[in-house]
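Enquirer: Show me how the following folds:
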Amino acid sequence: MELWSAVQAGGSRAKEEAEARRRSLFEDGELPPGEVKPQELAVEVDEVLVATRAPEEGRRAKLGVKLAVGYEGKEPAGKGRRRLVRRRVHAAVREAEAFFEETVADFRHIWELSAVRSWTLGSDGAGWAKQGLEYFPRALFRLDPFHLRRALRRGLGHDGEAHAQVAAAMAEGRPWEEVAALLEAAARRARGDCRRRVAELPGYLRANWAGIVGHPEARRLGAIEGQVYHVVARRMKRRGARWSGRGADHLARLLAARTNGELERFLRREGKRDAPRCASLLPEQPVRPATASEMADLEEWLRVRIPALYGPHAARPWIKHLLRELAHIGSVA
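Expert: Presented below is the predicted three-dimensional model:
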């Protein structure tokens with residue numbers, strides 16, 4: 001309960017700070033001076049559904065934890081690996097409008113957003129996520145490659161030839177009409193449930209077509225799924241975990257603060273410590289060195305009361321070289 005109380009208090013402080021920054025920017029019109037002036041900035045957003053304690057029609061309801069990650073680019077970080085440059089994460093349980101306002105206000109304390117010349121916004125194509133285009137001017141939308149590949153596998157995984165043709169057409173930037181014709185041909189060949197999945201695919205691709213073929217200046221993204229897992233999902237989607245809206249919001253904010261290297265200032269205790277009371281609870285008790293006779297008695301007690309030293313397994317290495325040495329206590333000078 002002490003830990004739970006600390007998390008709730010720290011999460012509440014993080015929420016109050018985010019709300020104060022949001023009001024200062026969007027209601028009072030005060031622009032925080034960002035220290036860094038990047039030429040390019042990528043923002044990726046997604047939502048993690050976690051189980052709640054409130055039942056809904058006999059099922060466990062789901063609660064959406066929104067996550068945004070901003071970064072200036074990617075740089076090598078070892079063999080075959082890259083890391084995000086100056087990564088900044090924001091997470092909360094809020095409606096889309098308030099979430100994006102908090103995100104912009106948070107990012108403005110790091111970056112001078114007016115200096116950014118090239119914006120890219122990535123998401124899975126959800127309607128709420130595309131609202132971010134209103135908050136990041138001149139941003140080019142890109143559909144997250146993970147969700148694009150998943151949609152293609154679901155719709156065309158049974159038809160390898162159609163899958164390859166559609167993927168090649170998108171990679172080459174062909175017009176939508178050509179891709180639609182390939183999907184129609186695949187639907188005619190499909191049967192049963194496969195036909196239904198093929199029929200659902202054109203709607204998703206058409207709604208996000210601008211983010212698939214995109215502008216040639218739009219950068220390649222694909223970082224959000226890893227951020228979702230490492231920042232939020234690994235902790236909050238554990239088996240059996242159930243969350244209230246308030247508790248999920250507080251923990252999500254602290255998980256983002258930990259990622260940003262700011263966890264300590266939200267968990268810092270307020271007020272002064274009662275030094276005299278602490279001293280009374282833990283009185284000083286000088287340690288008296290053991291006498292030679294006491295050490296001998298202790299060694300004899302260990303020797304008598306550890307049967308493993310003389311049992312059928314006494315020749316095993318962990319007994320010969322570890323336990324036997326621990327049992328023979330020498331005298332202390």
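
Enquirer: And the strands in the protein, which stretches?
Expert: Chain-ordered strands for the chain, with DSSP state E as the definition, fall at 40-56, 59-71, 74-76, 82-84, 88-92, 118-123, 139-143.

Enquirer: Tell me which of these is the most buried.
Expert: Most buried of those, by mean neighbour count (mean count of other C-beta atoms under 10 Å): strand 88-92, with a mean of 25. All C-beta spots, glycine's among them, are computed from the backbone N, C-alpha and C.

Enquirer: what's it in contact with?
Expert: For strand 88-92, the external contacting residues (C-beta atoms under 8 Å, 6 or more residues apart in numbering) are 15, 18, 65-71, 99, 102-103, 106-107, 110-111, 227, 231-232, 249, 252-253, 255-256, 259-260.

Enquirer: go with 6 Å
Expert: By C-beta atoms under 6 Å, 6 or more residues apart in numbering, the surrounding residues in contact with strand 88-92 are 67-70, 99, 103, 106, 110, 231, 249, 252-253, 256, 259-260.

Enquirer: got it, and stretch 99-108?
Expert: Around stretch 99-108, the neighbours that count as contacts under C-beta under 6 Å, 6+ apart are 18, 21-22, 25-26, 32, 34, 66, 68, 70, 90, 92, 132, 135.

Enquirer: Could you point out the member of those that lies closest to residue 210?
Expert: Comparing the contacts of stretch 99-108 against residue 210 with C-beta to C-beta places residue 132 closest, at 14.2 Å.

Enquirer: Could I get the contacting residues of residue 221?
Expert: Taking C-beta under 6 Å, 6+ apart as the definition of contact, the neighbours of residue 221 are 44, 122, 142.

Enquirer: how does it look with 7 Å?
Expert: Neighbouring residues of residue 221 by C-beta atoms under 7 Å, 6 or more residues apart in numbering: 42, 44, 120, 122, 142, 144.

Enquirer: ranges for the helices of the stretch 101-250 of the chain?
Expert: Across the stretch 101-250 of the chain, reading from the start of the chain, the helices by DSSP state H, counting those that start in this stretch fall at 127-130, 145-156, 160-171, 176-189, 193-207, 209-213, 224-227, 234-236, 245-259.

Enquirer: mean confidence for the last one?
Expert: Think helix 245-259. Predicted confidence along helix 245-259 averages 95 (mean pLDDT).

Enquirer: ok and it relative to strand 88-92, angle-wise?
Expert: Taking axes from the mean of the first three to the mean of the last three C-alpha atoms, to 10 degrees, one finds that helix 245-259 is oriented at 170 degrees with respect to strand 88-92.

Enquirer: So which bits of helix 245-259 are buried?
Expert: Buried residues in helix 245-259, counting neighbours by 16 or more other C-beta atoms under 10 Å, are found at 247-259.

Enquirer: And the fourth one, by the same measure?
Expert: Within helix 176-189, the residues that qualify as buried by neighbour count (16+ other C-beta under 10 Å) are 176, 179-180, 182-183, 186-187.

Enquirer: next one: the shortest one
Expert: By neighbour count, and taking 16+ other C-beta under 10 Å as the criterion, the buried residues in helix 234-236 are 235-236.

Enquirer: which strands and helices sit next to it?
Expert: The elements that helix 234-236 packs onto, with contact taken as 3 or more C-beta pairs under 7 Å, 6 or more residues apart in numbering; DSSP states H and E, are helix 245-259.
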